[in-house]
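**Q** Got a predicted structure plus its sequence, pasted below:
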Amino acid sequence: GTAEIKAENVNIAEGYLLNVTLSECDFILKTAEGAQLKYTVTKGEKAVGVNDTVLTVEGGTADDSGTAKFAFNLADGESITYAGAYTGTVIFTVSVEEDVLTRDQDGVYRIRGAKSLAAFRDLVNSGLNHINAMLMNDIDLKGSETNQWTPIGNEDNQFKGNFDGGGHTISGLYINSTSDYQGLFGYVGEGGTVQDLGVDGTVSGSGCVGGVVGIINNGTVTSCYNTGDVSGGEAVGGVVGYNGGTVTNCYNTGDVSGGSEGSLVGGVVGATNGTVTNCCNTGDVSGTNIAVGGVVGYSGYSASTITNCYNTGTVSGSDYVGGVVGWNNGTVTNCYYLTGTAVGGINGADAEGGAEAKTAAEFATQSTFVGWDFDGTWSMDNFHGRPVLTAIAETDYFSGEGTAESPYLIPDLATLEAFREYVNAGSGAGEYFKLTADIDMSENYGADIGGNEISWTPIGNGIVPFTGNFDGGGHKISGLYINSTSDYQGLFG
């Protein structure tokens, strides 16, 4: 944005220096931390300067509170010559560029938009590959065939720093390449970490292709998800193409497919020689060649482990196809797939305690998932009828966009319950929700529901309050039942 201050009745004689001092008229401009600022000087609608060119002086950088103070004194080292006499108003305009890559006091790069994300990428790909970054906002890359993304990190300059997505999403990712190592990140090397990040878009490449990361070499991807479609030739996964490290607490909802080669295709990870834990896939997975799996396509190494994962997407392929893993030489423990989505959990056959088929009713029952952590990692979701990862709430509960103009819509009890879980998991701050119908809770909550007392858990609590906007739309929620000895009780806590 811009801000301006004016000096009235300024006299400028022909051939003289512009001498305007505003040091007593300093003003403070609030903006984003680290934003770059500059100011220009004009008279009316015409520029002040030789041949009416605009004077542009670099201003400074906003401090960590987002404050920049300017003392305009153009007679002190920043004077210019005006090629003609003038009497009137001189306007000083401050312009602000907030999407600039900056560093905090700990050396962590702050990324606020597509421009600063690309600047960070360029630093990594030029060899400064141990740097750390924090994503400050959701970003829309607005990708297209003519605006394709070049991945962060490559074979020569593997990303070995820490990238913290801060719970934000990078959407509009577009890659249509014939090269290997494609994804938002191309190559994550030893010690590199990508965490707490969502990705949406379209990614297509040759080998080692993933929505979030193309290949991990002794690095880690944790609490990340992909909702876009991913395709490639070999080692193609919704989140990670090839995993030579650790993938944990991740999910994929996009479709994943193998093209001409079509080998080693998985819903979460295409091929693994590492650890895959607490991950799930709901997108369709297909390949035209060998090793296609709902969670992992190829786990061909004895050191590979796949633990506490599931798949509900349809899996199809030629040889070595499984609802959980296509080809396996490693260890698979406590993993499940939805009945009917594939023929067998591992290469056409179930493995008790390893990869087993479960019905939709079983998927909706917590006790099905033996050995899983439901005290922090997973939570049962009545809306989806399956477990979801607590740290990265899925956002397809509601229609709408969560804005004042297009609020998330709540038409029934299942969606109301999903709204409650969404809020109580720490989401929904500043978002808008609207009830679109009357809801009767009496069949699901009460003193005797199938012989059990079932009490409503409020929306928001003393630890995680609701800080969004809820519009009842004139509708009524009836049958509310709460019998509790705790504080903060009601439909909303």
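**A** Yep, that arrived.
**Q** Nearest residue to residue 137 in space, please, no chain neighbours.
**A** Leaving aside its sequence neighbours, residue 137 sits nearest to residue 112 (C-beta to C-beta, 6 or more residues apart in numbering; 5.5 Å). Every residue, glycine included, has its C-beta placed from N, CA and C.
**Q** For residue 115, pull up the helix or strand it's in.
**A** Assigned by DSSP states H and E, residue 115 belongs to helix 114-125.
**Q** pLDDT of the helix or strand just after that helix, averaged?
**A** As assigned by DSSP H and E, the chain's next helix or strand after helix 114-125 is strand 133-135. On average, the pLDDT along strand 133-135 is 96.
**Q** before we move on, what about stretch 322-336?
**A** For stretch 322-336, mean pLDDT rounds to 97.
**Q** try stretch 412-430
**A** Stretch 412-430 comes out at a mean pLDDT of 85.
**Q** Which residues does that stretch contact?
**A** 379, 381-384, 390, 393, 395, 397-398, 408-410, 433, 435, 437, 439-441, 444, 457-461, 464, 466-469, 477 (C-beta atoms under 8 Å, 6 or more residues apart in numbering).
**Q** Now restrict the residues you listed to buried residues only.
**A** 379, 381-384, 390, 393, 395, 397-398, 408, 410, 433, 435, 439, 441, 457-461, 464, 466, 468, 477 (16 or more other C-beta atoms under 10 Å).
**Q** Sort out for me which of those residues are in strands.
**A** If you go by DSSP state E, the buried ones among the contacts of stretch 412-430 have 379, 381, 408, 410, 433, 435, 439, 477 in strands.
**Q** Mind putting those into TSV with distance to residue 314?
**A** Formatted as TSV, those follow (distance: C-beta to C-beta, whole Å):
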residue	distance to residue 314
379	25
381	20
408	28
410	29
433	32
435	34
439	33
477	37
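**Q** By pLDDT, give me the weakest of these.
**A** Confidence by pLDDT is poorest for residue 381 among these, given 81.
**Q** Excluding covalently adjacent residues, which one is nearest to it?
**A** Of all residues not flanking residue 381 in the chain, residue 388 sits nearest, at 4.4 Å (C-beta to C-beta, 6+ apart).
**Q** Spell out the secondary structure type for that neighbour.
**A** Secondary structure, DSSP: H, G, I helix; E, B strand; the rest coil: residue 388 is strand.
**Q** List the contacts of it.
**A** In this structure, residue 388 makes contact with 251, 280, 378, 379, 380, 381, 394, judged by C-beta under 8 Å, 6+ apart.
**Q** could you flag which of those are buried?
**A** Counted by 16+ other C-beta under 10 Å, the contacts of residue 388 give 251, 280, 378, 379, 380, 381, 394 as buried.
**Q** and the two most separated of those?
**A** 251 and 380 (15.1 Å; C-beta to C-beta).
**Q** to the chain's geometric centre, what's the distance from stretch 255-268?
**A** With C-alpha atoms, centre = their mean, to the nearest Å as the basis, stretch 255-268 stands 23 Å off its chain's centre.
**Q** For it, list every residue counted as buried.
**A** So for stretch 255-268, counting by 16+ other C-beta under 10 Å, buried means 255-259, 261-268.
**Q** so which of these comes closest to residue 108?
**A** Set against residue 108, the nearest of those by C-beta to C-beta is residue 268 (28.2 Å).
**Q** And for residue 147, the neighbour number?
**A** Using other C-beta atoms under 10 Å, residue 147 has 11 neighbouring residues.
**Q** and the residue nearest to it when sequence neighbours are not counted, what does it touch?
**A** Residue nearest to residue 147 in three dimensions, not counting chain neighbours: residue 174, with 6.8 Å by C-beta to C-beta, 6+ apart. For residue 174, the contact set (C-beta under 8 Å, 6+ apart) comprises 141, 143, 144, 145, 147, 148, 149, 201, 202, 203.
**Q** Now do the strands in the stretch 51-200 of the chain.
**A** Counting by DSSP state E, counting those that start in this stretch, one finds strands in the stretch 51-200 of the chain at the ranges 55-61, 67-70, 86-97, 102-103, 109-111, 133-135, 139-140, 162-176, 185-188, 193-204.
**Q** neighbouring contacts of the helix or strand that the last one is followed by?
**A** Okay, so that is strand 193-204. Using DSSP H and E, the next helix or strand after strand 193-204 towards the C-terminus is strand 207-210. In this structure, residues lying in contact with strand 207-210 by C-beta under 8 Å, 6+ apart are 180-183, 203, 214-215, 226, 230-242, 269-270.
**Q** ok, residues contacting the helix or strand hosting residue 327?
**A** Per DSSP H and E: residue 327 is located in strand 325-328. Residues from elsewhere that reach strand 325-328 (C-beta under 8 Å, 6+ apart): 264-266, 290-300, 304, 306, 317, 320, 322, 332, 335, 345-347, 355.
**Q** Residue 272: neighbour count?
**A** Around residue 272 sit 34 other residues, with neighbours defined as other C-beta under 10 Å.
**Q** isn't it right up against residue 303?
**A** No: if you go by C-beta atoms under 8 Å, residue 272 and residue 303 don't touch, sitting 9.7 Å apart.
**Q** what touches both of the two?
**A** Each of residue 330 lies in contact with both residue 272 and residue 303 under the rule C-beta under 8 Å, 6+ apart.
**Q** What residues does residue 188 make contact with?
**A** Taking C-beta under 8 Å, 6+ apart, one finds 153, 158-160, 194, 213, 215-217, 219-221, 245 in contact with residue 188.
**Q** which residues does it form a beta bridge with?
**A** residue 159, residue 216 (DSSP bridges).
**Q** Could you check how far it is from residue 467?
**A** Separation of residue 188 from residue 467 (C-beta to C-beta, to the nearest Å): 34 Å.
**Q** What of residue 168?
**A** Residue 168 is 17 Å from residue 467, by C-beta to C-beta.
**Q** For the closest residue to residue 186 other than its chain neighbours, give me phi and psi.
**A** Using C-beta to C-beta, 6+ apart and skipping residues adjacent in sequence, the residue nearest residue 186 is residue 151, 3.0 Å away. Main-chain dihedrals, residue 151, degrees, to the nearest 10: phi -60, psi 150.
**Q** Tell me the one of the ones in strands among the buried ones among the contacts of stretch 412-430 nearest residue 488?
**A** Closest to residue 488, out of all of those and judged by C-beta to C-beta, is residue 477, at 17.7 Å.
**Q** Verify the stated contact: the closest one with residue 490.
**A** No: under the criterion of C-beta under 8 Å, residue 477 makes no contact with residue 490, lying 11.1 Å away.
**Q** residues near the closest residue to residue 116 other than its chain neighbours, how many?
**A** Nearest residue to residue 116, sequence neighbours excluded (C-beta to C-beta, 6+ apart): residue 101, at 4.1 Å. A count of nearby residues for residue 101, using other C-beta under 10 Å, gives 21.
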